[in-house]
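K.L.:
Sequence first, predicted model second:
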Amino acid sequence: MANLLKKPVKLGLIQLASGADKSKNLTHARSKVLEASKAGARIIVLPECFNSPYGCDYFPSYAETLLPSPPSAEQSPSFHALSSIAKETGTYLIGGSIPEIEPETKKYYNTNLTFNPQGELIATHRKVHLFDIDIPGKIKFKESDILSPGNKVTVVDLPEYGKVAIAICYDIRFPELAMIGARHGAFALIYPGAFNTTTGPLHWRLQGQARAMDNQVYVALCSPARDTTATYHAYGHSLVVDPMAKVLVEAGESEEIVYADLEGGEIDSARKGIPIYDQRRWDVYPDVSKEGVRFEE
Ligand SMILES: NC(=O)CCC(=O)C(=O)O
């Protein structure tokens, strides 16, 4: 069986407490990434919209320009902060997400930036499925009022370890995306996210376990800490699930870093024990990971 994860690695999820001040959020993110790297984490994840409050009212005022790449420090302070933190700590930094504005079209996106230990940008993922829901009396949210969707699947190679698939929050509800990532060799599906206090208790853990169980890979969900003074109350509960769908670690609601030690053997033994990965009936239904998958915007 292919060794999807080449060597064991400690994953760190930073359940960051962010506020309205972007530069304070960036400084704070740096101190937490330093803490995680000192604890041995070599792949570190930040939450969705880690440098701003989360909400349609905030996307335009916090949006940064990422093109042409690399952007200047004025165009994207978050790009430069993430790059230098990754380099300073010598870690892979999956930089949650930030609101992005595309300079030519003026379209807004919810965008992840991922850096290698040299501080080089190695992936971007624009949230593909926008969070548009309306549960009467509970929560109404329409990202598509402001944001445009991304148009690609993101699988990135971290040469020392192997591949990870990256997507953002609501993207986790679409198992096709996860399956494509897994079938393109990812050892982990990583979701910076910000579920809320209505859907979080119902589905956050379940979604993480379902994607792990379906695909027999590690799954990590990284949330902001809950701030009840903010307009959007993030669920928290950042967690890591193993390839047998067992929750290895789960945060509470406050700021916290959670860690998990990932090992390739766990993927192999899950797939050997319950061989669904190789029992697919592509003669009965199509393989979504094959036809027409877009890896470029
Ligand atoms: N930020 C998001 O995409 C939230 C998704 C969410 O809460 C859900 O239930 O799905």
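P.N.:
Now that the structure is in, tell me what you want to look at. Residues are numbered from 1 along each chain as shown.
K.L.:
State the distance from residue 180 to residue 165.
P.N.:
As for residue 180, its distance to residue 165 is 8 Å (criterion: Cβ to Cβ, to the nearest Å). C-beta here means a position set from N, CA and C on the backbone, and glycine is covered the same way.
K.L.:
out of the two, which sits in the more crowded spot?
P.N.:
Taking neighbours as other Cβ atoms under 10 Å, residue 180 and residue 165 compare with residue 165 leading, 30 against 24.
K.L.:
Show me what that one is bridged to.
P.N.:
residue 155, residue 189 (DSSP bridges).
K.L.:
what residues does the stretch 151-297 of the chain put near the ligand?
P.N.:
169, 170, 173, 194, 195, 196, 199, 203 (Cβ under 6 Å from any ligand atom).
K.L.:
tell me the secondary structure for the fourth one?
P.N.:
Secondary structure state of residue 194, per DSSP: H, G, I helix; E, B strand; the rest coil, is coil.
K.L.:
tally of neighbours for it?
P.N.:
27.
K.L.:
quick one, what contacts it?
P.N.:
By Cβ atoms under 8 Å, 6 or more residues apart in numbering, the contact set of residue 194 is 47, 48, 49, 54, 169, 223, 224, 232, 234, 235.
K.L.:
if you set the cut-off to 6 Å instead, what comes out?
P.N.:
48, 54, 169, 223, 224, 234 (Cβ atoms under 6 Å, 6 or more residues apart in numbering).
K.L.:
and if you look at the second one?
P.N.:
When contacts are counted by Cβ under 6 Å, 6+ apart, residue 170 touches 129, 131.
K.L.:
measure residue 263 to residue 8 for me?
P.N.:
5 Å.
K.L.:
Looking at those two, which is more packed in?
P.N.:
For the pair residue 263 and residue 8, the greater number of neighbours falls to residue 263 (16 against 13), based on other Cβ under 10 Å.
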